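Peer 1: Build me a structure from this.
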Amino acid sequence: MASPNARQNPEQKGPAKQKNMGQFDWIGGIGATPQAVAALNDQPILFTILLIVLLAVTLQGVLLWYIHYATLKPEQKAKKDKKKKPAKK
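Peer 2: Residues are numbered from 1 along each chain as shown. Below is the predicted model:
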């Protein structure tokens, strides 16, 4: 009996022929280096932290925009142009 770790014939198809697939291999398709993919596969919490930081920065930007908009002086706000109806003759 061969051990499960024994090498298979290169022409043989099956799971041993496939590349070692990880959870974050799709990131390699969008330009990540193999080292970055390996780091994410080893420590998936890094991806979660990345998403949380991106969300926090986005929310902070929205909050800053709202503070800017809410504190505008009336003369700084854009005035709405009301179109006058043409007079009937």
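
Peer 1: so what's the one residue sitting closest to the centre of the chain up against?
Peer 2: For the chain, the residue nearest the mean C-alpha position is Leu51 (6.7 Å; CA atoms, centre = their mean). Contacts for Leu51 (CB atoms under 8 Å, 6 or more residues apart in numbering) come out as none. C-beta here means a position set from N, CA and C on the backbone, and glycine is covered the same way.

Peer 1: average pLDDT for stretch 37-44?
Peer 2: The average pLDDT within stretch 37-44 is 93.

Peer 1: And for stretch 81-89?
Peer 2: Here the average pLDDT along stretch 81-89 is 69.

Peer 1: Stretch 49-65 now?
Peer 2: 98.

Peer 1: can you map out the helices along this structure?
Peer 2: Using DSSP state H, the helices found in the chain span residues 34-42, 45-70.

Peer 1: deepest of the ones you listed, which one?
Peer 2: Comparing these by mean neighbour count (mean count of other CB atoms under 10 Å), helix 34-42 ranks first with a mean of 14.

Peer 1: so how far is that one from its chain's centroid?
Peer 2: Distance of helix 34-42 from the chain centroid (CA atoms, centre = their mean, to the nearest Å) equals 16 Å.

Peer 1: likewise stretch 45-63?
Peer 2: That offset, for stretch 45-63, works out to 10 Å (CA atoms, centre = their mean).

Peer 1: same thing with stretch 30-46?
Peer 2: 14 Å.

Peer 1: Please export the C-alpha coordinates of it as PDB.
Peer 2: This file holds the C-alpha atoms of stretch 30-46, laid out as PDB (Å, rounded to 0.1, in the frame of the first residue of the first chain):
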ATOM      1  CA  ILE A  30      -7.000  40.500  -9.800                       C
ATOM      2  CA  GLY A  31      -3.300  41.300  -9.400                       C
ATOM      3  CA  ALA A  32      -2.200  40.200  -5.900                       C
ATOM      4  CA  THR A  33       1.300  38.600  -5.700                       C
ATOM      5  CA  PRO A  34       1.700  35.000  -4.700                       C
ATOM      6  CA  GLN A  35       3.200  36.100  -1.400                       C
ATOM      7  CA  ALA A  36       0.100  38.200  -0.700                       C
ATOM      8  CA  VAL A  37      -2.200  35.300  -1.500                       C
ATOM      9  CA  ALA A  38      -0.100  33.000   0.700                       C
ATOM     10  CA  ALA A  39      -0.300  35.500   3.600                       C
ATOM     11  CA  LEU A  40      -4.100  35.800   3.300                       C
ATOM     12  CA  ASN A  41      -4.500  32.100   3.100                       C
ATOM     13  CA  ASP A  42      -2.300  31.700   6.200                       C
ATOM     14  CA  GLN A  43      -4.000  34.600   8.200                       C
ATOM     15  CA  PRO A  44      -7.500  35.200   6.900                       C
ATOM     16  CA  ILE A  45      -8.200  37.800   9.700                       C
ATOM     17  CA  LEU A  46      -6.100  40.200   7.600                       C
END
